[in-house]
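# Mind looking at a prediction? Sequence and model below.
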Amino acid sequence: MRQQKILIVDDDVSFVESNKDLLEAFGYEVHTAYDGQSGLEMAHKVRPDIMILDVMMASETEGFEVARKVPESPDLKDTRILLVTGVTHALNLSFPLQPDKTWLPVDRVLEKPIPPDRLIAELERAMKPIS
């Protein structure tokens, strides 16, 4: 069976490195990027099964922009996206972010900080075939 590929896109170096170590310990092939543009470039290069994507990087909305570009690309349209962010608290949003096919085409929205066991559980859930 092919090793599942995960791409972590986040400007928080400690978040990226600690989760890279965690995911590799669980047998995933992990690639990383620290901003949206390099994240998209890496995604086209490695074609990950799942992208773990932050929202607030170079701008407060960079992750949203990346999330909308992924399904528009023929080689990435099947890539699942877990949006892992602290934007709700940082911007004091009065509503939870929810996946939406047009505005926020992601599989799940998870609030930071996310415990390691929950991250693994969410990845395993997202890896299951769509039925």
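Yep, that arrived. Numbers count the residues shown, from 1 in each chain.

# Can you show me the strands along this structure?
Here the chain has its strands, by DSSP state E, at 5-9, 29-33, 50-53, 80-85, 108-111.

# Can you tell me what sits against the second one?
Which is strand 29-33. 3-9, 16, 20, 23-24, 39, 41-42, 46, 48 (Cβ atoms under 8 Å, 6 or more residues apart in numbering). Glycine gets a C-beta too; all of them are placed from N, C-alpha and C.

# for stretch 111-128, which positions count as buried?
112, 114, 119-120, 122-123, 126 (16 or more other Cβ atoms under 10 Å).

# Greatest separation within those: which pair is it?
Farthest-apart pair in these is 112 and 126; separation 17.1 Å (Cβ to Cβ).

# who touches residue 67 in this structure?
53, 81, 83, 104-106.

# Tell me the pLDDT of it.
With respect to pLDDT, residue 67 scores 94.

# Same check on residue 113?
For residue 113, pLDDT reads 89.

# can I get the CA coordinates of stretch 113-120 in PDB?
Presented in PDB, the C-alpha positions along stretch 113-120 are these (Å, rounded to 0.1, in the frame of the first residue of the first chain):
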ATOM      1  CA  PRO A 113      -4.500  24.400  19.300                       C
ATOM      2  CA  ILE A 114      -5.400  20.800  18.200                       C
ATOM      3  CA  PRO A 115      -4.300  17.900  20.400                       C
ATOM      4  CA  PRO A 116      -2.100  15.400  18.500                       C
ATOM      5  CA  ASP A 117      -4.600  12.500  19.000                       C
ATOM      6  CA  ARG A 118      -7.400  14.600  17.500                       C
ATOM      7  CA  LEU A 119      -5.200  15.600  14.500                       C
ATOM      8  CA  ILE A 120      -4.500  11.900  13.800                       C
END
